[in-house]
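J.: Okay, predicted coordinates and the sequence, questions at the end:
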Amino acid sequence: MRKLIFAGLLVLLLMSVSAVGQSPFEGTWKMDTSTIQYPQKPDVYLLQDGMYECKSCVPPIKIKADGTDQKVTGHPYFDTLNVKAVDDHNVESASKKDGKAVGTEKESISPDGNTLTVNWTYSGNPSGGTQTGTYTAKRVAKGPAGANMISGSWHTEKEEDPAAVLTWTYKVNGDELTMTTPTGQSYTAKLGGPDAPYKGDPGTTSVSVKMLGKDTLEETDKRDGKVIGIAKMTLSADGKTAKIVVEDKLHGTTTKFDAGKQ
């Protein structure tokens, strides 16, 4: 369930306060998906002989692909996964958390086998209702002979996500920064202070923020005390846009993109 993981990645982004006056970071920001530079490390799947594997997941997933709920461990957004091959070019999957349905994916491979299109839903956020989106990936390596066409390595090239998962707002009160999202994630942390609780995201339990110079904010996210991601947000000279670099420590990848103040 790459998108659930990736959905969790989109809230690593944030922010800072200034010593005097209103922070130039304060306000509502929105990610510009057209600027995303995706990691070069591909997503790797194998669907063969009734078994499904996500080799690039952390931890890796290997379950029966028989259309029934299969238990998985180590993934904060879901604890069961149901995978079914509709045919050689179409695969459907669904996930649950504590017995409650949280996500679906419909994966379709083009007739030539070189493009993967994924339509996803996710309803596991605290607020905002069910979110839906689409992403496409290009094949970079084939799977073994006889395997379903989803098998192999894929590099994401484009995505279309709802505004709710691309938007965040933060406010400053003294030396404290409060971040909120439309889908229910939030934290209040002191700049240069200790770890603070991260709410609304089962994949992130704490966060800390600090300034690097006058225009760059570094955020460090942790899960149960372990660093899982570091994001750096650097403002443009006019303060209307920002460049963001997210290091995913779990998968060993880096994603870059721009964001605009709304």
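T.: Sure, I can see it.

J.: contacts and neighbour counts: CA atoms only from here.
T.: Noted.

J.: Specify the residue ranges that define each domain of this protein.
T.: What automatic domain parsing lists as the domains of the chain is 2-39+163-261, 43-160.

J.: which residues in the stretch 51-200 of the chain form strands?
T.: Secondary structure of the stretch 51-200 of the chain by DSSP state E, counting those that start in this stretch: the strands cover 51-54, 61-64, 70-71, 80-87, 90-97, 100-109, 115-122, 131-142, 152-160, 167-173, 176-180, 186-190, 196-197.

J.: To residue 39, which of those strands lies closest?
T.: strand 152-160 (8.0 Å; CA to CA).

J.: Please spell out which residues along that closest one are buried.
T.: 152, 153, 154, 155, 156, 158, 159 (16 or more other CA atoms under 10 Å).

J.: and if you look at stretch 36-51?
T.: For stretch 36-51, by 16+ other CA under 10 Å, it's 36, 37, 38, 39, 42, 43, 44, 45, 46, 47, 48.

J.: Next one: residue 23, what pLDDT does it get?
T.: pLDDT, residue 23: 80.

J.: That one contacts residue 172, correct?
T.: Yes: shown here, residue 23 and residue 172 form a contact pair, counting by CA atoms under 8 Å, at 7.1 Å.

J.: Which one of the two is surrounded by more residues?
T.: Between residue 23 and residue 172, counted using other CA atoms under 10 Å, the more crowded position is residue 172 (22 against 17).

J.: what about residue 41, which helix or strand?
T.: For residue 41, there is no host helix or strand (DSSP states H and E).

J.: right, and it touches residue 155 too?
T.: Yes: using CA under 8 Å, residue 41 makes contact with residue 155 at a distance of 7.4 Å.

J.: Just give the number of residues close to the closest residue to residue 176 other than its chain neighbours.
T.: Residue nearest to residue 176 in three dimensions, not counting chain neighbours: residue 190, with 4.5 Å by CA to CA, 6 or more residues apart in numbering. Counted with other CA under 10 Å, the neighbours of residue 190 add up to 21.

J.: From what I see, residue 190 and residue 211 are in contact.
T.: No: assessed by CA under 8 Å, residue 190 is found out of contact with residue 211, at 11.1 Å.

J.: returning to that earlier point: state the pair within the buried residues of stretch 36-51 that is farthest apart.
T.: It's 36 and 48 that sit farthest apart of the buried residues of stretch 36-51, by CA to CA, at 32.1 Å.

J.: can you give me how far stretch 165-179 is from the chain middle?
T.: Centroid separation for stretch 165-179 versus its chain: 19 Å, with CA atoms, centre = their mean, to the nearest Å.

J.: for stretch 180-196, that is, sorry about that
T.: Counting by CA atoms, centre = their mean, stretch 180-196 is centred 17 Å from the centre of its parent chain.

J.: what about that stretch, start to end distance?
T.: In stretch 180-196, first residue to last residue: 14 Å (CA to CA, to the nearest Å).

J.: Give me the residues contacting that stretch.
T.: 11, 16-17, 125-129, 164-165, 167-170, 175-179, 197-201, 206-211 (CA atoms under 8 Å, 6 or more residues apart in numbering).

J.: Just those: which are in helices?
T.: Counting by DSSP state H, the part of the contacts of stretch 180-196 found in helices is 164, 165.

J.: Show the buried residues in the contacts of stretch 180-196.
T.: Neighbour-count burial (16+ other CA under 10 Å) is assigned, among these, to 11, 16-17, 125, 164-165, 167-170, 176-179, 197-201, 206-211.

J.: between the strands of the stretch 51-200 of the chain, which one is nearest to residue 238?
T.: Between those, strand 167-173 lies closest to residue 238; by CA to CA that is 18.4 Å.

J.: Compute the inter-axis angle for that closest one and strand 176-180.
T.: Orientation of strand 167-173 against strand 176-180 (axes from the mean of the first three to the mean of the last three CA atoms, to 10 degrees) gives an angle of 160 degrees.
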